[in-house]
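Asker: model this:
(one chain, ligands or ions: 3)
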Amino acid sequence: MPVSTKAVRLILGDQLSRGLASLRDCDQENDLLVMAEVMEEASYVRHHKKKLVFVFSAMRHFARDLEAAGYRVRYLRLDDPDTPGSLDEVISKVVREHRPERVVLTEPGEYRVLQKFEDWREDMEISVVIREDDRFIASRQDFADWAGDGRKNLRMEFFYREMRRRTGYLMDGDKPVGGSWNYDAANRKPIPKSVVPPERPTSRPDEITREVIEMVGARFADNFGDLEPFDYPVTRRAALHALHWFVAHALEDFGTYQDAMREGDPLLFHAHLSALINIGLLDPREVCDRAIAAYEDGAAPLNAVEGFVRQIIGWREFIRGVYWREMPGYATRNALEARRALPDFFWTAETEMNCLAQSIGDTRAHAYAHHIQRLMVIGNFCLLAGIDPRQVQEWFLLVYHDAYEWVELPNVSGMALYADGGVFASKPYAASGAYIHRMSDYCGSCAYDVKARTGEKACPFNALYWNFIEVNRDRLASNTRMAMPLKTLERFDPGERDEIAKSAAAFLETL
Ligand code: FAD
Ligand code: DLZ
Ligand code: SF4
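Answerer: Ligands and ions are numbered 1, 2, ... in the order given. Below is the predicted model:
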């Protein structure tokens, strides 16, 4: 006799958490957990091959572990001809076939998917329950309450302090441990040649992952990025290993070299945990707890641990709050009226600008680049060259294995491009070649001269930077944080300003 189904509980590819809100009151005998690999999600952008392997393999391992724990799971594979192409069709099919009393969902990470969920709630004859995603520490409502209606510029630092108070992380009563909220001043050092980051453990793909690699290789051969070698954690157990490894071996120097870049090593002392947290294999609270325990045990200094905790309970939560507060209009903002097409070298990594060749090359190889590569090399270039924000957003959404719109969009539009007009950034993160030179070893083997401002061999970031200030002079005039570069520009003689405009135009022409 077929088992009757009380509730269908759909679990999305980035909801791989045993504590997920929609799993909490699951009746193991009568409820059905549904997971589906669907072409719509696999192709709404042409994801990096490693991101596809990561998501599908983690989904398959999660389903296997749920089954082993006694849950009834219906898993629809992409390579099964009966699997529908979209989440809409999946939900219709399982409701038709299993006739549940209700559908239980956890709110998704993207506005586009929330609209689907809301349509189901509206259109279906059975009850559709959408639960808050409480894997985040601040709910959407918490953020909205904090941000208020009228607050024009949202500042992460103040939100972060609220989160410190709320979580009690690194707090001494109502005071921050060590007396300061923020130790960022100690976290901006370039990395000397003599410092050798710890070697990361590697692992071999198991049978499930090998099968997924084969499927992605066959069906997504033209997508961006290297498929192999693939050794990312795809289970809860492996994710915990990665967390323990980071805390034991890299956290100590995470803060000091957080902004540094080195050719051939995108990881340095970074956590490489964003994708695992975003997909649900690690909980942000447990990640912070581990880091704080290392501080309390004397294994990691305060500047590292505070810096790390700030990224998670500060930036990560803040960025998500901004996304839901500002959507749907946020995706189409273009405050600086940038219209240039994304250059081809974003796909090939073939450019003489070594910083971009390295950062895009790392991205293509690993579906990963660290924050400063994303912000101050790739994002900065797009800002200075006036690349169309929609094209930049799409690129960032597809190339990184931690990318979902809730986190990618505010980072790109708000932080890197200032396309949102300053919802949370106090000024555009624009920088000349000098910044990249200071924080990396890229310039040493570059075809361009980082010290030269104009001329054929001059670092393009230099003329582009001053040209950006010139072109956006009126827009930036009222921003006190831009007063210094604007004043410096005024001091250049007209011939120099003319040369800058010509050099920038000549370079932009080559794109
Ligand atoms: P670490 O440098 O070791 O940081 C620790 C953790 O802090 C990360 O794992 C992450 O969970 C969190 N974190 C740090 N900064 C941010 C931030 N700005 N926003 C959200 N979380 C943060 N992060 C994504 O997860 N997905 C994205 O699609 C994404 N796109 C980005 C696009 C741009 C233009 C920029 C500037 C940043 C983007 N980030 C994104 C944020 C950040 O670059 C990555 O979280 C980080 O590089 C991931 O590597 P890691 O785990 O080694 O991080
Ligand atoms: C990223 C992704 C991919 C590639 N494929 C699937 C899928 O086939 N099925 C699924 O449920 N989820 C997938 N995901 C994750 C979703 O895109 C993600 O849940 C939404 O973007 C909401 O954040
Ligand atoms: Fe990048 Fe300019 Fe340095 Fe070359 S010289 S690596 S283009 S910053």
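
Asker: contacts only, for the residue of the stretch 51-200 of the chain found nearest ligand 1.
Answerer: Taking CB to the nearest ligand atom as the measure, the stretch 51-200 of the chain has residue 156 as its residue closest to ligand 1, at 8.9 Å. All C-beta atoms are positioned from the backbone trio N, CA, C, and that covers glycine. Contact analysis of residue 156 by CB atoms under 8 Å, 6 or more residues apart in numbering lists 314, 315, 318, 424.

Asker: where does the first one land in three-state SS?
Answerer: Pointing back at residue 314 there. With DSSP: H, G, I helix; E, B strand; the rest coil as the basis, residue 314 sits in helix.

Asker: so it makes contact with residue 159?
Answerer: Yes - between residue 314 and residue 159 a contact is recorded at 6.9 Å, counting by CB atoms under 8 Å.

Asker: neighbouring contacts of stretch 306-313?
Answerer: 137, 160, 163-164, 167, 169-170, 177-178, 182-184, 187, 251, 254-255, 258, 271, 277, 284, 287-288, 291-292.

Asker: narrow those to just the buried residues.
Answerer: The neighbour-count test (16 or more other CB atoms under 10 Å) marks 137, 160, 163-164, 167, 169-170, 177, 182-184, 187, 251, 254-255, 258, 271, 277, 284, 287-288, 291-292 as buried among the contacts of stretch 306-313.

Asker: among those residues, which are within reach of ligand 1?
Answerer: 271, 277 (CB under 6 Å from any ligand atom).

Asker: which of the buried ones among the contacts of stretch 306-313 fall within helices?
Answerer: 160, 163, 164, 167, 251, 254, 277, 284, 287, 288, 291, 292 (DSSP state H).

Asker: ok, back up a step: please report how far the residue of the stretch 51-200 of the chain closest to ligand 1 lies from ligand 3.
Answerer: 27 Å (CB to the nearest ligand atom, to the nearest Å).

Asker: same check on residue 127?
Answerer: With CB to the nearest ligand atom as the criterion, residue 127 and ligand 3 are 56 Å apart.

Asker: thought that residue was touching residue 100?
Answerer: No - using CB under 8 Å as the test, residue 127 is too far from residue 100 to be in contact (9.4 Å).

Asker: more crowded one of these two?
Answerer: Under the criterion of other CB atoms under 10 Å, the comparison of residue 127 against residue 100 puts residue 100 first, with 21 against 12.

Asker: from residue 83, how far off is the more buried one?
Answerer: Taking CB to CB, to the nearest Å as the measure, residue 100 falls 19 Å from residue 83.

Asker: now do residue 157
Answerer: For residue 157 relative to residue 83 (CB to CB), the value is 46 Å.

Asker: so what's the residue nearest to residue 279 when sequence neighbours are not counted scoring on pLDDT?
Answerer: Spatial nearest neighbour of residue 279, excluding adjacent residues (CB to CB, 6 or more residues apart in numbering): residue 14 at 4.9 Å. For residue 14, the pLDDT comes out at 98.

Asker: so residue 14: helix, strand or coil?
Answerer: coil.

Asker: do stretch 459-472 and ligand 3 meet at all?
Answerer: Yes - if you take CB under 6 Å from any ligand atom as the test, stretch 459-472 does meet ligand 3, through 459, 460, 461.
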